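Undergrad: no letters, just coordinates:
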């Protein structure tokens, strides 16, 4: 849509082209951006929006989890201190294990360890 609006001739341009004819059209400068100039900017904006949405979703999930924990803890009788400590340690170990496994999955994928095995040797028949 923006390209259509930008490519329409302005009233000043129309008046000048009528007054001077083809001499202005011959001097018209090509105003398109250089190839590849616009793409990095669009990618940067796209990545910024994705990062913003990811942060917003994470923030929402954190607040939802805090609200849920507060509601459940208010509705149940209090636990003793050692049970709370054991629960906190168990949740921490679980979160670290899950994060480590996900990190290993991304590392394996980027290093190519998930690709199928292939051989460069010629098959002998």
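TA: Looks like it came in fine. All figures in this text were calculated on a predicted structure; none of them were measured in a lab.
Undergrad: where in this structure is pLDDT low?
TA: Residue ranges of the chain with pLDDT under 70: 1-41, 119-125.
Undergrad: tell me the helix or strand right after the top helix by length along it.
TA: Secondary structure of the chain per DSSP state H: the longest helix is helix 38-75. For helix 38-75, the following helix or strand on the C-terminal side (DSSP states H and E) is helix 81-111.
Undergrad: how about that following helix, which residues are buried there?
TA: Residues of helix 81-111 include none that count as buried (16 or more other CB atoms under 10 Å). (Each C-beta comes from the backbone N, C-alpha and C, glycine too.)
Undergrad: packing partners of that helix?
TA: On a contact count with 3 or more CB pairs under 8 Å, 6 or more residues apart in numbering; DSSP states H and E, helix 81-111 meets no helix or strand.
Undergrad: what about residue 113, which SS state?
TA: coil (DSSP: H, G, I helix; E, B strand; the rest coil).
Undergrad: backbone dihedrals for it, please?
TA: Main-chain torsions, residue 113, degrees, to the nearest 10: phi -70, psi -20.
Undergrad: measure it to residue 91 for me?
TA: 30 Å (CB to CB, to the nearest Å).
Undergrad: could you do residue 49 as well?
TA: Going from residue 49 to residue 91 by CB to CB gives 32 Å.
Undergrad: just residue 102 next, same as before
TA: 17 Å.
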